[in-house]
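1. return atomic coordinates for the entry below.
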Amino acid sequence: MSEQKKIIIDKPDSDGFEVDWNTIEEEYKKSRSKRHHRHHHHHRRKHSSSNSSSNSSHSSTSKKKKMKKWKKVTLGIIIFLLSIILAGVIAFFVLRDIGKQNMTTKELKMNIPDFVDYYKDGGKYIEYKGHTYEFNENQSWILFLGIDNTKMEKQTVAGTSGQADALYLLVFNLKTGKIRTLVINRDTMTDINIYDVGGNYVGSKRKQLCLAYAYGSTPANSAQNQVKSVERLLYNIPITSYYSIDLSAIKILNDDIGGVTLTPNYTFGSFTKGQSVTLKGDRAEEFVRKRDITLLDDHTRRIECQKQYISAFADQIVPSIRKDFRVPISLYSDSSDYSYSNMGIPELVFLSSSLATTYSGIDFVGTPGTYKMVKGDSSAEYILEQEKFFQTILDLFYTRVDSQ
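-> All right, here's what the predicted structure looks like:
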């Protein structure tokens, strides 16, 4: 180690002192090294802080992008769902309008009886007994046929297809929502079309109305032949919609709605007058179908039971339709193997919406007439009182437009 060099600094009015420059240089270097280290460390901290800020900014941007993406996806889902709902609403109204058009009579070509004073436009306007009537175009109607057959066979021999034990024409007023139902006695004497076993038209013959169904070779032919006979009975008022069902399948519709509760007005079969009962299964069929054929007019009692059942069924099903318009479609589908109809989805949608929004009960309208036993006819004959019946048709399908 080299010898340290000492320098004497003169100081006024004092003795001189020695300075060790090597030591001072070393201390200076150390001091400088420490300052550089602190500066570098501060720079690193600043740089780290800068990176942290940058990372924070990047994270925030990423979150915003994710939020925007989530909002876009949510908006897309909402638009998609609204589109489905809108499409459903549009489809509903389109189907409803089609159904309404299909079930509304557009042209009349009535066969007006001779005792009518005057008519024009195919029967749109009628003058009868000093009053003027106009056909009500704000109505639609359905002919309900209850058939006494074990099943709806696709092909049968004409004359063996069963009979229409129940015939009800349900007339809907499209403005008021009121339903009036013409109860047509199955034994009413009228002209029906006759076909041979080969399905060939033979001609027409005056027989019980219910027999028209028997002369079809398929459910469609039978229903159409029955409809034609009813139209003749109604002076050729056109029937645009009909529904026929095997009466043994009533229990299917009945049980689909949980059964029908009512209080019988007659004692017959397994039923007692005045004792409330919830009809299920075979008892529903028994209530609407059972008839004592040894009695001339027991069908009139059966009609009263059918009317009571129809009212109770309607009162029970309408609240369900108000919750879900698809209920009639479901019932229609469940009974398809035992029924035939010319109605489709549009008509069912129209009926469902009409019942759900305006239903206020059913009024039944009878057909005035009397029963007679005729020699040579094993079945009773129901003879209409023609003028009273025509007045019933005016009250049901027409509006009186002259001064009251």
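2. point out where the stretch 151-300 of the chain drops to low pLDDT.
-> Across the stretch 151-300 of the chain, residues meeting the criterion (pLDDT under 70) sit at 151-160.
3. where do the helices sit along it?
-> Counting by DSSP state H, counting those that start in this stretch, the stretch 151-300 of the chain has helices at residues 219-233, 250-256, 282-289, 298-323.
4. would TSV of these with distance to V116 be doable?
-> Where C-beta positions appear, they are placed from N, C-alpha and C, glycine not excepted. Shown next, in TSV, are those (distance: least, CB to CB, whole Å):
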stretch	distance to V116
helix 219-233	16
helix 250-256	39
helix 282-289	36
helix 298-323	28
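5. most packed of those helices?
-> The highest mean neighbour count among the helices of the stretch 151-300 of the chain, using mean count of other CB atoms under 10 Å, belongs to helix 219-233: a mean of 22.
6. packing partners of that helix?
-> strand 139-147, strand 164-173, strand 189-195, strand 241-246, strand 339-341 (3 or more CB pairs under 8 Å, 6 or more residues apart in numbering; DSSP states H and E).
7. where's it relative to the chain centroid, distance-wise?
-> For helix 219-233, the gap between its own C-alpha mean and the chain's C-alpha mean amounts to 27 Å (CA atoms, centre = their mean, to the nearest Å).
8. can I get the helices and strands packed on helix 219-233 in a markdown table with mean neighbour count and distance to D282?
-> Formatted as a markdown table, the helices and strands packed on helix 219-233 follow (neighbours: other CB atoms under 10 Å; distance: least, CB to CB, whole Å):
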| stretch | mean neighbour count | distance to D282 |
| --- | --- | --- |
| strand 139-147 | 23 | 16 |
| strand 164-173 | 21 | 16 |
| strand 189-195 | 19 | 31 |
| strand 241-246 | 22 | 14 |
| strand 339-341 | 21 | 18 |
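9. which one of the ones you listed lies closest to N221?
-> Each of these has some distance to N221 by CB to CB; the shortest is strand 189-195, at 8.1 Å.
10. give me the contacts around that closest one.
-> When contacts are defined by CB atoms under 8 Å, 6 or more residues apart in numbering, strand 189-195 is touched by residues 158-159, 201-209, 211-212, 215-217, 225, 228-229, 232-233, 381-384.
11. got it, and stretch 329-337?
-> 151-152, 245, 249, 252-253, 256-257, 317, 339, 341, 343, 345, 348-349, 352.
12. tell me which two of those sit farthest apart.
-> Farthest apart among these by CB to CB are K151 and V349. That separation is 28.2 Å.
13. which of the helices and strands packed on helix 219-233 sits closest to K375?
-> For those, distance to K375 was read as CB to CB. The smallest value, 14.7 Å, belongs to strand 189-195.
14. by how many degrees do the closest one and helix 219-233 diverge?
-> Here strand 189-195 runs at 150 degrees with respect to helix 219-233, directions being taken by axes from the mean of the first three to the mean of the last three CA atoms, to 10 degrees.
15. strand 189-195: how far from the chain's middle?
-> With CA atoms, centre = their mean, you get 36 Å for strand 189-195.
16. same question, stretch 256-265
-> On CA atoms, centre = their mean, the centre of stretch 256-265 falls 22 Å from that of its chain.
17. got a list of contacts for that stretch?
-> Here stretch 256-265 has contacts from 254, 271-280, 284, 287, 304-305, 308-309, 312-313, 316-317, 320, 330-331, 334, using CB under 8 Å, 6+ apart.
18. hmm, 6 Å instead?
-> By CB atoms under 6 Å, 6 or more residues apart in numbering, the surrounding residues in contact with stretch 256-265 are 254, 271, 273, 276, 278-280, 308, 312-313, 316-317, 331, 334.
19. which one of these sits closest to D117?
-> Sorting those by distance to D117 puts Q308 at the head of the list, at 38.7 Å, by CB to CB.
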